[in-house]
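J.: Predicted structure and sequence below. I'll ask about it afterward.
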Amino acid sequence: MATKSLPAKRKLETDVILVVKGAGEQLEDDHLNLFIRGFWPAVKSLDKNATMDQVTDELVGYRPPPHNQDNDSHKHLTEIHATYGKAKRRILVKESYWEPEVLPSSALSNLSKEWRMSSFVFANMFRDIIFTRNPKYLKEWRLSGSNYEFRPGLAPGTRRRDYVGNYISYLILFLLVFLPFAPTIASLPFLPTLTSVSWLNGILLLSAVAAVWAVAPAVEISRMMYIRYKESVLENLPGLPGWILLALIIMLFMDPLGYIRFVLVLLALQIALIFSRRILWKYRKYANSDMDIAAYYSYVEQAMDGNKKRIGKVDESWWIRFPLSPWLYRYFIFLTLPIAFVGTILVKFLKWTRVLGGIGEALDNFLHTALVGYMDDVVNYAMDPAQSHRVRSVIKDDIIYFHDRPEVKRIHVIAHSQGTPITYETLFHFLEEKYQEKIYTYVTIGSVLSYYHQARGILDELYYERFPVSSAKNQNFHPDFKWMNFWNFTDPITEFYGLDEYTWFREAPPIDKAFVRGRTSPTNIRSHSSLLKNHGEYWSNIGQINLPFAKRVLGELRPKEWNPEPTSPTSQHHIAVFGLWVLILAGGALGGYWLAKSGLLDFLFDYIAKITESGQGIFNTYNEVFLPKEGNEPSLLEKIAALAASKPVNNLGQQISIGSLAILAVWVVLDWLGQFRRAFTIGRK
């Protein structure tokens, strides 16, 4: 599309949309293009005469971020003109591109930082769920005049059982990490024998070690809680010691099949849980996620300025919350990190060898993309104050620039994945109040904010409350400000939940007659699930995200798609989901046992056996052909030709062809059936 200047006489009200990308080394405007591909059809559906163009003279005087001076792609804007109802709007769309502000680091360094974050979150999650600091209970305790409150050695508002909770949390953590490998541990010759039963011997030994080991981290974290409240500065950050990671790596080497088998079992449990939640989702009585069963009820407390302030939600029934919490998914991630460490080291070894160097190079490129290209952005923003400051400054500078332009009336921010903690801190905690007044809409998609909220205790040695709920600071957003958050059941980045931690209400029963959500509280909406897109589904989701977003930008401040009615929660939905989860697991186990016994899967087992046999045959043939021999040594070309003409190689080629055709046939049948499903369900809600 041709670039042109905007006529000076045009006086339309102007809205600005800032698009903030997630993690990964994408080019500039990649996410801007993703957004336009979904947003533009939504605008055209509202106004068939809408126009889109590019303008360059809008950014006169605009300076790109310091580390992005040489790139000219952000010196233009996408301009949309559209009419909806009585409103006629001019919309300017720009990507706030922050990637050049992140300094690269190594894969092992990133894994080490991620280990600290994930282990801290996993360890403290049990205390937060089971030994939850119920705000109503704490208030009643404080008002009761109990001598146990605010005693020396106790952090303000902390009960003694909170410190007991620390011990129980680390005890549970140790058992979850090592009990699955109890038989392997019990087989070590230098360990004492407590019973004649091998697996029981391992369980007793690990339980005894866990009971002793949990004391040290529990005392450490309890002491650090107190120091942080009193002094704010820590010499070292709390977290699991490195020897646990090393022990897991040793377990992986000692029993790789058993280790991977257990990880796959966890994956199966998580998938079954998601299925049960998905099936019963429409029968729940929750407006948001189904994990947080805390009542939408905020009790009133006198604030320091004399006004009444609402404090928190009331947490009840931890035993119902726990099965549906993200502990299972975090358990799975926790045990896969040692595999990533081993894979990284193995790739370095493969690259070092001459024969397998090409394979090592290919795997290294894959790991570089995953552990450096993506994880760089995550761990460096979370744990490096200098880099997080630079990244936030990109978003902040864009907001200030457009705020100061008189023709701009409203600013809308849409952030994906890693872009959500960046924009959250910028909007709610680092942006001066005078620059908040033009911000109307904040949309988060595939947000990782819940994980950041749980990990906030491990992020900075100089402690301050990063990622608290947004009501913790005075805000000056427009009265019509709205925060929308979208997640789906196939998106692992969101941990399959909405942002429950950030939900709060200014008014709620039983104190009030109706629900009134706080303006800086997100409205969580589950979007469509997609196995292939999962984390990227949101950009193309026109019905739930782009269309109502276009309506809002074009003047309809409360599109019906974005206004679910909050209702009082009950525990019945959680009990039903848990029961269905057990039934799915039992049905899957029985179905798998029946298939194995029926012989229906014999062809699959035979196919796997033949593939394995061909692979072993190729290895044996390689040894016969390439190992040095006495006499005339064939040339390298002759060796390769002999290997390619061998029977195992031909067999493997045929087996791969058969397997590919079988997969294609299944795909054809499923797609054919899917066409009927789409034809008869189109237009239905």
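T.: Received the coordinates, thanks.

J.: make it CA atoms for all contacts and neighbour counts henceforth
T.: Fine.

J.: burial of Val209, as a residue count?
T.: 14 (other C-alpha atoms under 10 Å).

J.: Distance check, it against Phe174.
T.: 9 Å (C-alpha to C-alpha, to the nearest Å).

J.: And the strands in this structure?
T.: 3-4, 13-20, 51-55, 77-84, 87-95, 299-302, 308-311, 408-416, 439-445, 482-487, 505-507, 516-517, 522-526 (DSSP state E).

J.: Now tabulate those in a markdown table and tack on mean neighbour count, distance to Val391 and mean pLDDT.
T.: Formatted as a markdown table, the strands of the chain follow (neighbours: other C-alpha atoms under 10 Å; distance: least, C-alpha to C-alpha, whole Å; pLDDT from 0 to 100):
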| stretch | mean neighbour count | distance to Val391 | mean pLDDT |
| --- | --- | --- | --- |
| strand 3-4 | 12 | 29 | 46 |
| strand 13-20 | 22 | 11 | 93 |
| strand 51-55 | 16 | 26 | 90 |
| strand 77-84 | 19 | 21 | 92 |
| strand 87-95 | 20 | 13 | 91 |
| strand 299-302 | 15 | 37 | 57 |
| strand 308-311 | 16 | 32 | 58 |
| strand 408-416 | 22 | 14 | 95 |
| strand 439-445 | 25 | 17 | 96 |
| strand 482-487 | 24 | 21 | 94 |
| strand 505-507 | 20 | 31 | 73 |
| strand 516-517 | 16 | 30 | 75 |
| strand 522-526 | 24 | 23 | 89 |
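
J.: now those in CSV, with distance to Gly674?
T.: Converted to CSV, the strands of the chain look like this (distance: least, C-alpha to C-alpha, whole Å):
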stretch, distance to Gly674
strand 3-4, 43
strand 13-20, 34
strand 51-55, 35
strand 77-84, 35
strand 87-95, 36
strand 299-302, 50
strand 308-311, 49
strand 408-416, 30
strand 439-445, 27
strand 482-487, 24
strand 505-507, 42
strand 516-517, 40
strand 522-526, 23
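
J.: Of all those, which one is nearest Asn474?
T.: Ranking these by proximity to Asn474 (C-alpha to C-alpha) places strand 308-311 first, at 12.4 Å.

J.: just the helices in the stretch 551-685 of the chain please.
T.: Remark: helices assigned in the stretch 551-685 of the chain by DSSP state H, counting those that start in this stretch are 572-598, 602-626, 636-644, 647-681.

J.: now swap in the stretch 301-450 of the chain and tell me
T.: Under DSSP H, counting those that start in this stretch, the stretch 301-450 of the chain gives helices at 318-324, 327-352, 357-367, 375-383, 385-403, 419-425, 449-454.

J.: If you average pLDDT over each of those helices, which is lowest?
T.: When the helices of the stretch 301-450 of the chain are compared by mean pLDDT, helix 357-367 comes last with a mean of 59.

J.: any idea how the protein splits into domains?
T.: 107-264+291-340, 603-681 (automatic domain parsing).

J.: and the ones you listed, which one is worst for confidence?
T.: For the domains of the chain, where the average pLDDT is lowest is domain 107-264+291-340, sitting at a mean of 73.

J.: quick one: contacts for Ala679?
T.: Listed by C-alpha atoms under 8 Å, 6 or more residues apart in numbering, the contact set of Ala679 is empty.

J.: how much space between it and Trp672?
T.: Taking C-alpha to C-alpha, one finds Ala679 at 11 Å from Trp672.

J.: cool, Ala50 as well?
T.: For Ala50, the distance to Trp672 - C-alpha to C-alpha - is 37 Å.

J.: out of these two, which sits in the busier spot?
T.: The neighbour comparison of Ala50 against Trp672 (other C-alpha under 10 Å) goes to Ala50, with 16 against 11.

J.: roughly how far apart are the spatially closest residue to the more buried one that is not a sequence neighbour and Lys88?
T.: Spatially, and ignoring its direct neighbours in sequence, Ala50 is nearest to Ala82 (4.5 Å; C-alpha to C-alpha, 6 or more residues apart in numbering). Counting by C-alpha to C-alpha, the gap from Ala82 to Lys88 is 6 Å.

J.: dump the residue contacts of the residue lying closest to Leu427 once chain neighbours are set aside.
T.: Spatially, and ignoring its direct neighbours in sequence, Leu427 is nearest to Gln436 (7.4 Å; C-alpha to C-alpha, 6+ apart). Contacts for Gln436 (C-alpha under 8 Å, 6+ apart) come out as 427, 475-478.

J.: Out of these, which comes closest to Ala596?
T.: Within those, proximity to Ala596 (C-alpha to C-alpha) peaks at Leu427, which comes in at 55.8 Å.
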